[in-house]
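Colleague: Sequence isn't available, so here's the structure alone:
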């Protein structure tokens with residue numbers, strides 16, 4: 001597993017440069033940061049880490065793989081990436097990772113976050129039959145994962161929750177109840193060490209759902225049979241985060 005010390009002078013210096021870079025991107029393009037500060041910090045740390053590892057600002061929400069002996073991001077995503085500039089932000093108001101937003105999107109998100117505090121009071125209790133059906137879904141949202149974690153605590157269902165982000169992202173914050181960390185930067189050796197059963201129920205998550213969706217495809221090709229994905233990642237999760 002590749003680890004970078006977040007407290008090292010080298011990383012702190014790179015992080016400072018990365019923040020200046022994202023500040024400049026916002027200023028030059030008329031964008032603003034996401035109102036969810038933890039989203040911005042997670043992306044900035046991922047960018048800093050990728051710069052140190054690969055000497056490129058690869059988007060941290062997509063896997064980096066070796067192609068002809070050189071590191072390459074899926075879809076060649078280098079921040080600020082072409083899909084974000086040409087499609088995601090004009091069409092949706094935010095880039096895939098969520099750090100860069102239009103002012104209108106950011107304001108709507110602030111209102112939405114305030115409303116969610118009110119609506120999150122409903123009960124998520126499930127029957128055993130509902131748990132067994134839900135845990136086999138290919139895509140799960142925040143409420144559904146929270147419900148399954150609660151049901152697992154009650155012994156109603158069993159599954160393994162896997163974080164496929166990087167070690168430093170895990171240390172910043174991970175979902176309470178996450179069982180294993182299998183970083184995409186050292187995926188195959190970490191997978192082997194994890195001893196996952198190919199027939200068990202497995203749910204994956206990353207920052208916004210891209211890396212985990214990619215890993216779902218890899219695991220299915222490797223004949224893992226019961227794989228689910230937290231659709232919008234930890235950035236969308238409203239349950240308890242261990243920091």
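Modeller: Perfect, I can see it now. Bear in mind the structure is a predicted one, so any value in this text is a computation, not a measurement.
Colleague: Only C-alpha atoms from now on, for both contacts and neighbour counts.
Modeller: Noted.
Colleague: Give the next helix or strand downstream of the helix of greatest length in the chain.
Modeller: For the chain, the helix with the greatest residue count under DSSP state H is helix 9-29. Later in the chain than helix 9-29, the nearest helix or strand by DSSP states H and E is strand 32-33.
Colleague: next SSE after that following strand?
Modeller: helix 37-54.
Colleague: roughly how far is the longest helix of the chain from the heart of the chain?
Modeller: With CA atoms, centre = their mean, to the nearest Å as the basis, the distance from the averaged C-alpha position of helix 9-29 to the chain average is 20 Å.
Colleague: Compute the inter-axis angle for it and helix 37-54.
Modeller: Regarding helix 9-29 and helix 37-54, their directions subtend 120 degrees when assessed with axes from the mean of the first three to the mean of the last three CA atoms, to 10 degrees.
Colleague: any idea of the mean pLDDT for helix 9-29?
Modeller: This predicted structure assigns helix 9-29 an average pLDDT of 97.
Colleague: Show me which positions of it end up buried.
Modeller: 11, 14, 15, 18, 19, 22, 25, 26 (16 or more other CA atoms under 10 Å).
Colleague: so how far is residue 172 from the closest residue to residue 56 other than its chain neighbours?
Modeller: Among residues not flanking residue 56 along the chain, residue 50 sits closest, at 6.4 Å (CA to CA, 6 or more residues apart in numbering). Distance, residue 50 to residue 172, by CA to CA, to the nearest Å: 16 Å.
Colleague: The two: who's more crowded?
Modeller: residue 50 (18 against 15; other CA atoms under 10 Å).
Colleague: Next, give phi and psi for the residue most central in space within the chain.
Modeller: When CA atoms, centre = their mean is applied to the chain, the residue found nearest the centroid is residue 207 (1.2 Å). For residue 207, the backbone dihedrals (degrees, to the nearest 10) come out as phi -80, psi -50.
Colleague: surely it meets residue 165?
Modeller: Yes - applying CA atoms under 8 Å as the test, residue 207 and residue 165 come out as touching, 7.0 Å apart.
Colleague: Tell me where this protein is predicted with low confidence.
Modeller: Low-confidence segments of the chain (pLDDT under 70): 1-2, 114-125.
Colleague: mind giving me the domain split of it?
Modeller: Under the assignment automatic domain parsing, the domains of the chain span 9-117, 128-242.
Colleague: will you turn the ones you listed into a markdown table that also has distance to residue 3?
Modeller: Shown next, in a markdown table, are the domains of the chain (distance: least, CA to CA, whole Å):
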| stretch | distance to residue 3 |
| --- | --- |
| domain 9-117 | 9 |
| domain 128-242 | 6 |
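Colleague: hang on, the earlier thing: can you tell me how far the residue nearest to residue 56 sits from residue 18?
Modeller: Residue 50 is 11 Å from residue 18, where distance means CA to CA.
Colleague: same question, residue 110
Modeller: Taking CA to CA as the measure, residue 110 falls 25 Å from residue 18.
Colleague: buried set for stretch 196-203?
Modeller: By neighbour count with 16+ other CA under 10 Å, stretch 196-203 contains the buried residues 201, 202, 203.
Colleague: One more: stretch 177-187?
Modeller: Within stretch 177-187, the residues that qualify as buried are 177, 178, 180, 181, 182, 183, 184, 185, 187, counting by 16+ other CA under 10 Å.
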